[in-house]
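Q: structure for the following, please:
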Amino acid sequence: MLSDRPADDGAANDADLEPATASGETDTAPDSAPTVVPLTEPADGIPPVVDTLEELARVAAAFEAGTGPVAVDAERASGYRYGQHTYLVQLRREGAGTALIDPIALPDLSMLSEALVGVEWVLHAASQDLPGLLEQNLRPSRIFDTELGARLLGLDRVGLAAVVAELLGLGLAKEHSAVDWSTRPLPEQWLRYAALDVEVLVELREIIAERLAVAGKAEWAAQEFEAVRLAPPATPRVEPWRRVSGLHAIHDARRLAVVRELWTTREENARQRDISPGRVLPDHAILAAAQALPRSVPQLVALPAFSGKGTRRRAALWQHAIDEGLALPESELPSVRGPRSDAPPPPRAWPDRDPAAAARLAAARDAVAALSTEVDVPAENLLQPDLLRRLCWTPPSPLDAASIEAFLRAGGARQWQVDVVTPRLVAAFAAASTA
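A: Prediction:
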């Protein structure tokens, strides 16, 4: 589930590593919502953290003997540590109770995965947790994603606390959602929170499944869940340094080179120290250095963004990166236009570059928006926006139902999406061509 949140790049650096005070999920109930009953204690108490092979074998046997689906959750420390590794795994199953497992002490949980072959795993926002669980060799045979199910039902707020409140009338506390889960030993109140996160997931699954069936969306959900389960690892980004927040303010290649060198140095230092990059050096500090182009450490630390104890302590490291960027020959400077890509240009440029494509996109967006309202599913869940743009920019020929269906399937659309969206797109493109 989305149980952790990266720290704000500009909020702290490595001289300020105390836990964030953010409250986690932001979708709190509105004033007009009915009162919910707080869920404050796990039904079976807080179980001990499993951190030995003997205890893991006992848990695996108990969960294999349990009945029904198994609720699964994972906690990360992405706002504190480097990467998206899992630092606690929570499971609950009828007949087995709740288990809290330390994947740092037990990095290979295949024993537990083998005990649950064929069992449905219930997760909230599974795409967030599955990559980390796979690192521990936890591979579900099938899943039910309560967050995706809530989206397909058209719920306005789909965070776990909000969905539990709306559908079960229970209040899940989220004050520990953004803590540093790499902490050892984990405080009792954090473990209570972690156990409660899987306390009602199976019950929630039953209600969502029933509502999906009534709405005629059960098959849609099944296809979505399987797509998430089988999704390949994310493709590494080309030039990931371009994701520095506020980079749009940099307009020349030399300063972009300094951004790139600082980002690369920060990344290497964060990886070595196992600290979130934004806590090593905030994005706003990278931009400040790129704008000012200091030529010496004293000039660098004179910048307000580099006045903190942590950044000053490593000022020589940052100045070296700046010097590297300043010394690069012109031929090695990054492009101000960004990397080459097969993606369509920004839609704002379409009317000038290809008016027919712009007309197709406008008509298609209107059609998908109308369908979204009609079936009560967010437009982005009906069809990935990038796939829609690609279809409109480089449409197949002839632009008929069969070619559109083939294009969407090749782009990763699920069959249910192809079935419901294609007729609307055919009509929209026909109208656009005659306008």
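
Q: which residues touch the helix or strand where residue 213 lies?
A: For residue 213, the element it lies in under DSSP states H and E is helix 201-214. Helix 201-214 is contacted by residues 68-73, 92-94, 122-124, 144, 146, 149-150, 152-153, 163-164, 167-168, 218, 220-221 when judged by CB atoms under 8 Å, 6 or more residues apart in numbering. For glycine as for every other residue, the C-beta is placed from the backbone atoms N, C-alpha and C.

Q: go again using 7 Å as the cut-off
A: With contact meaning CB atoms under 7 Å, 6 or more residues apart in numbering, helix 201-214 is reached by 68-69, 71, 122, 124, 144, 146, 149-150, 152-153, 163-164, 167-168, 218, 221.

Q: average pLDDT for it, rounded please.
A: The average pLDDT for helix 201-214 rounds to 98.

Q: after it, which helix or strand is next?
A: As assigned by DSSP H and E, the chain's next helix or strand after helix 201-214 is helix 218-230.

Q: list the buried residues for that next one?
A: Residues 218, 220, 221, 222, 224, 225, 228, 229 are the ones in helix 218-230 that count as buried (16 or more other CB atoms under 10 Å).

Q: include pLDDT when you put the residues you listed into CSV, please.
A: Listed next are those as CSV, based on pLDDT from 0 to 100:
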residue, pLDDT
218, 98
220, 98
221, 98
222, 98
224, 98
225, 98
228, 98
229, 98
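
Q: what's the closest of these to residue 333?
A: residue 228 (40.1 Å; CB to CB).

Q: show me what contacts that closest one?
A: 126, 127, 143, 145, 148.

Q: state the distance from it to residue 144.
A: Distance, residue 228 to residue 144, by CB to CB, to the nearest Å: 10 Å.

Q: for stretch 404-417, measure first residue to last.
A: Distance between the two ends of stretch 404-417: 12 Å, counting by CA to CA, to the nearest Å.

Q: before we move on, what SS does the most centrally placed residue in the chain have?
A: Nearest residue to the geometric centre of the chain (CA atoms, centre = their mean): residue 128, 5.1 Å. Secondary structure of residue 128, reduced to three states by DSSP: H, G, I helix; E, B strand; the rest coil: helix.

Q: so how many other residues sit close to residue 141?
A: Residues lying near residue 141 (other CB atoms under 10 Å) number 12.

Q: nope, residue 314 is what I was after
A: Neighbours of residue 314 (other CB under 10 Å): 19.

Q: any weak-confidence spans in the stretch 201-350 of the chain?
A: Within the stretch 201-350 of the chain, no range satisfies pLDDT under 70.
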